[in-house]
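[1] Here is a sequence with its predicted model. Questions after.
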Amino acid sequence: MTDLASFAALFTPEGQALLTALRDHDPARELAVASRLRRDHPVELVTAALGQARLRQRAVAKFGAEDAFRMYFTPNGVEQSTRASVGAYRAARMKALGVGSVADLCSGIGGDAIALARAGISVLAVDRDPLTAEAVRANAEALGLSGLIEVRCADVTEIDTRPYDAVFVDPARRGGRGRIFAPEAYSPPLSWAVEAARKAPHAALKVAPGIPHEAVPAEAEAEWISDGGDVKEAVLWFGTEPGARRATLLPSGAGLTGRGLPDPAVRPVGRYLYEPDGAVIRAHLVAEVAEELDGGLIDGTIAYVTADALVPTPYAAAYEITDELPFNLKRLKALLREREVGTLTVKKRGSAVEPEEVRRRVRPKGPHAAMVLLTRVAGAPTMLIGRPVRTDGER
């Protein structure tokens with residue numbers, strides 16, 4: 001773990017030269033690279049530079065190469081920081097609410113502070129860890145945002161947020177044993193974050209996407225956000241639409257708001273199967289999607305919607321179903337052999353069978369491709385064979 005002195009050494013001309021040289025280094029050759037560099041540079045500086053180079057390479061997925069290779073990270077900061085696309089979306093929503101200043105509590109390495117500042121919002125970034133606070137300060141400077149980001153190393157519970165238009169809280173949800181799922185085990189606890197939110201005109205609390213709906217305060221709007229089909233987080237908004245439930249899909253920005261619909265009816269499998277986006281499922285908005293598609297569920301406990309028509313929707317992936325069979329791997333193997341299927345995609349929902357086990361057992365071979373969905377239909381283990389289709393009609 002880099003200490004403050006080693007971190008500071010990265011900003012010397014020697015440290016900067018090392019970071020530049022290590023930008024595209026191969027982690028598999030790190031031992032040889034370290035041995036070579038230690039002949040000409042202090043051991044502590046080489047260790048810090050190699051660690052930072054690794055973190056920057058990992059951060060590219062969240063921040064993009066242009067920013068990641070200019071920024072500074074801690075291991076926890078990379079793991080817990082907000083993806084840039086999600087941060088930009090949230091900052092734009094703050095801006096649309098008329099927010100001009102934000103107290104960013106538990107700022108981490110500054111991912112959200114950067115997004116807010118780029119939206120023209122002034123930010124107080126607070127973190128109690130001295131090294132993390134230095135990383136925020138370095139990132140603000142490196143990205144030309146130090147005029148909009150004030151950094152304070154302090155306990156967030158001691159911050160007076162009254163001068164700010166909004167509060168943003170991103171509690172730590174990872175401990176020594178991994179991810180923390182219980183909201184009251186966050187640091188600080190969700191109950192403290194909610195009280196901080198209630199004192200501000202507007203607030204956004206970043207929480208785990210698996211937060212129980214009953215844990216959402218009545219006066220909060222709950223929004224689940226996915227990016228590229230992966231659910232990234234949930235946000236509790238205060239000062240917006242109390243009680244609303246929303247799913248937002250990036251990068252399109254498509255948004256679906258709950259209307260309090262009853263659960264869809266269960267019906268036989270039709271020609272098309274729709275797999276709602278994870279944010280839609282987490283937000284409990286499958287009924288809204290089913291209504292849009294004029295469809296129903298294949299099982300009362302499975303979030304697959306079936307319909308007879310192909311309907312354009314940003315909220316679900318679509319599959320054309322050619323076969324519906326009771327679960328039987330021998331039968332599946334025979335069918336795939338008959339159709340000369342060599343490329344097999346296996347998806348599951350509501351099945352205990354793992355996709356890898358299916359591929360191992362059926363040993364697909366041939367020039368064609370197919371998809372099998374392992375699921376339940378009206379309570380019965382079922383195999384649905386088909387192919388993905390685009391909702392613009394192209395396959």
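    Thanks, I have it.
[2] Check which helices and strands whichever strand or helix holds residue 360 sits against.
    Using DSSP states H and E, residue 360 sits within helix 355-362. Using 3 or more C-beta pairs under 8 Å, 6 or more residues apart in numbering; DSSP states H and E as the contact criterion, the elements in contact with helix 355-362 are helix 329-338, strand 341-348, strand 368-377. C-beta: built from backbone N, CA, C; applies to glycine.
[3] Contacts for the shortest one, please.
    Identification of contacts with strand 341-348 by C-beta atoms under 8 Å, 6 or more residues apart in numbering yields 275, 336, 354-355, 358-359, 362, 364-375.
[4] Any chance of a PyMOL selection covering the buried ones in these?
    Of these, the buried ones go into a single PyMOL selection, burial set by 16 or more other C-beta atoms under 10 Å:
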select buried, resi 275+336+358+362+364+370+371+372+373+374+375
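[5] and stretch 334-351, how far out from the chain's middle?
    Taking C-alpha atoms, centre = their mean, to the nearest Å, the mean C-alpha location of stretch 334-351 is offset from the chain mean by 29 Å.
[6] buried set for it?
    By neighbour count with 16+ other C-beta under 10 Å, stretch 334-351 contains the buried residues 335, 336, 339, 341, 344, 346, 347, 349, 350, 351.
[7] for stretch 97-116, same thing?
    Judged by neighbour count (16+ other C-beta under 10 Å), stretch 97-116 contains these buried residues: 99, 102-116.
[8] Of those residues, which pair is most distant in space?
    Across these, the longest distance by C-beta to C-beta is 21.9 Å; it joins 99 and 109.
[9] Identify the residues contacting the residue nearest to the spatial centre of the chain.
    Computing the C-alpha centroid of the chain and ranking residues by C-alpha atoms, centre = their mean puts residue 232 first, at 1.8 Å. Residue 232 sits next to 82, 83, 86, 209, 225, 226 when contact means C-beta under 8 Å, 6+ apart.
[10] Leaving out chain neighbours, which residue sits closest to the second one?
    So the one you mean is residue 83. Leaving aside its chain neighbours, residue 83 sits nearest to residue 62 (4.7 Å; criterion: C-beta to C-beta, 6 or more residues apart in numbering).
[11] follow-up on the earlier one: what does the helix holding residue 360 contact?
    With C-beta under 8 Å, 6+ apart as the test, helix 355-362 has contacts from 329, 332, 333, 336, 344, 346, 347, 348, 372, 374.
[12] Distance to residue 246 added to these, as TSV?
    Rendered in TSV, the data for the contacts of helix 355-362 read as follows (distance: C-beta to C-beta, whole Å):
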residue	distance to residue 246
329	41
332	39
333	44
336	41
344	36
346	32
347	26
348	28
372	33
374	31
